[in-house]
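Visitor: requesting a structural model of the entry that follows:
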Amino acid sequence: MHRSLQSDPRYQSARLGGEDIFAGPIRGHLWKGDQQVSSDRDRQKFLILPGFTEFCEKYAHVAQKIVSQGDDCLIIDWPGQGRSGHLGTTPLMVHCDSFADHIRALQNLLGKAGWQRQKFHIVAHSMGGHLALLAASRLNRNVQTMVLSAPMILPRPRPSFAIRLLGLVLGALGQNRKYSPFTKVPSISDLQHFTDDNLLTTDVAGYLWQTHWFFEAPELRRYGASVGWVREAYRSSSRYAANPSFLGDIKIPILILMAEKEQVVSNSKIAFAAKFLPQSDLVTIKQAKHELFNETLEIDANVWDHIFRFWQRNI
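Guide: Residues are numbered from 1 along each chain as shown. The predicted structure follows:
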């Protein structure tokens, strides 16, 4: 482990402490909290929904905070990510035909974990935030609260109409399972060097946490989206995540954390969506980039302070 990770208390012992469960090809990790931990509230269940290209192991330090409270935690490897296989023309590519497949996979995993009739809370990041909104609409009797970290209401600002038109053209040419144009896949050695202009985090250890796993378990690595994935992201944004009518029906408490220095998803669309979610609180995390769970210790403390205060108000 890199010395920056070894010296950071969040990552020193951050390993998944539960067991993997599989619903068909979909892998999840179920980590049950310590029943001996005293609490002034009932034992809760928390569902972690990772972002684009991510995997359960990356959220070990987040899950650790949850189970240390005595609560249970379930994490999913989305279809085509982590140990849930791959769906593109190469093992590194992330592909999907429809996010509906992700929601079905999640429902199957909830059934496997015995959570299909249980109440639970969602913690979601980036693409996971987008999918959390879709899941909340489908599973509104199950979901009690949501924390959305830098949710992908829409990918980073681009001419949306042009992207969708290009996707339609490439799809008609049979390119759905190919990389989006101009995608260049970096080597692992390229990724392991922190630079100040990276899009993800201002923290060296937080940056290295993901690449650490690429060396520890190379099969977890994914990079880049297929044409089909990009088409679906923009279609789903228009139809659901950025649709006031859809958002207005999600009547559960939601904390939305937005990074001040965001360069991966659209902050303007996050703010737009927050206006139409009936019970949402929008908080801008100063000085932070996209990876709010992998930022500096100071920013991390701020993020968790907002989260714990939100849970204290709503659980």
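
Visitor: what comes up buried for stretch 108-119?
Guide: Buried positions in stretch 108-119, judged by neighbour count with 16 or more other C-beta atoms under 10 Å: 108, 109, 110, 112, 113, 115. Using the backbone N, CA and C atoms, a C-beta is placed for each residue, glycine as well.

Visitor: over to stretch 74-93?
Guide: 74-84, 86-88, 93.

Visitor: ok, stretch 197-212 next?
Guide: Buried-residue list, stretch 197-212, by 16+ other C-beta under 10 Å: 200, 201, 202, 203, 205, 206, 207, 208, 209, 210, 211, 212.

Visitor: tell me which of the buried residues of stretch 108-119 fall in helices.
Guide: 108, 109, 110, 112, 113 (DSSP state H).

Visitor: which stretches of this protein form helices?
Guide: Counting by DSSP H, the helices of the chain are 3-6, 60-67, 99-113, 127-138, 160-172, 188-191, 204-216, 227-236, 244-248, 267-276, 297-314.

Visitor: comparing those helices by mean pLDDT, which bottoms out?
Guide: Mean pLDDT is lowest for helix 160-172 among those, at a mean of 50.

Visitor: of the buried residues of stretch 197-212, closest to residue 238?
Guide: Taking C-beta to C-beta as the measure, residue 238 lies nearest residue 200 of the buried residues of stretch 197-212, at 26.2 Å.

Visitor: quick one: residues contacting the residue lying closest to that closest one once chain neighbours are set aside.
Guide: Using C-beta to C-beta, 6 or more residues apart in numbering and skipping residues adjacent in sequence, the residue nearest residue 200 is residue 291, 4.6 Å away. Applying C-beta atoms under 8 Å, 6 or more residues apart in numbering, we find residue 291 in contact with 125, 150, 200, 201, 206, 207.

Visitor: contacts only, for the fourth one.
Guide: Think residue 201. Shown in contact with residue 201 (C-beta under 8 Å, 6+ apart): 207, 288, 289, 290, 291, 294, 295.

Visitor: recalculate using a threshold of 10 Å.
Guide: 194, 207-210, 259, 261, 288-296, 299 (C-beta atoms under 10 Å, 6 or more residues apart in numbering).

Visitor: next one: the first one
Guide: Counting by C-beta under 10 Å, 6+ apart, residue 125 touches 48-52, 54, 58-59, 62, 132, 147-152, 257, 290-294.

Visitor: residue 131 contacts residue 124, doesn't it?
Guide: Yes - between residue 131 and residue 124 there is a contact under C-beta atoms under 10 Å: 7.0 Å.

Visitor: related to what we said a few turns ago, of the contacts of residue 125, grab the buried ones for ChimeraX.
Guide: Of the contacts of residue 125, the buried ones go into a single ChimeraX selection, burial set by 16+ other C-beta under 10 Å:
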select :48,49,50,51,52,54,58,59,62,132,147,148,149,150,151,152,257,290,291,292,293,294
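
Visitor: so which of the contacts of residue 125 belong to strands?
Guide: 48, 49, 147, 148, 149, 257 (DSSP state E).

Visitor: out of the residues you listed, which is nearest to residue 251?
Guide: Using C-beta to C-beta, the ones in strands among the contacts of residue 125 come closest to residue 251 at residue 148, 15.4 Å.

Visitor: distance of the closest one relative to residue 16?
Guide: Distance, residue 148 to residue 16, using C-beta to C-beta, to the nearest Å: 23 Å.

Visitor: I figured residue 94 hits residue 229, correct?
Guide: Yes - with contacts defined as C-beta under 10 Å, residue 94 counts as touching residue 229 at a distance of 5.7 Å.

Visitor: hey, what's in contact with both of those two?
Guide: 52, 80, 87, 88, 127.

Visitor: wait, what's in contact with the second one?
Guide: To tie it back to what came earlier, the one meant is residue 80. Counting by C-beta under 10 Å, 6+ apart, residue 80 touches 25, 53, 86-88, 91, 93-96, 101-102, 105, 222, 226, 229.

Visitor: try the first one
Guide: When contacts are counted by C-beta under 10 Å, 6+ apart, residue 52 touches 78, 81, 94, 125-128, 130, 152, 155, 222, 224-225, 229, 233, 264-265.
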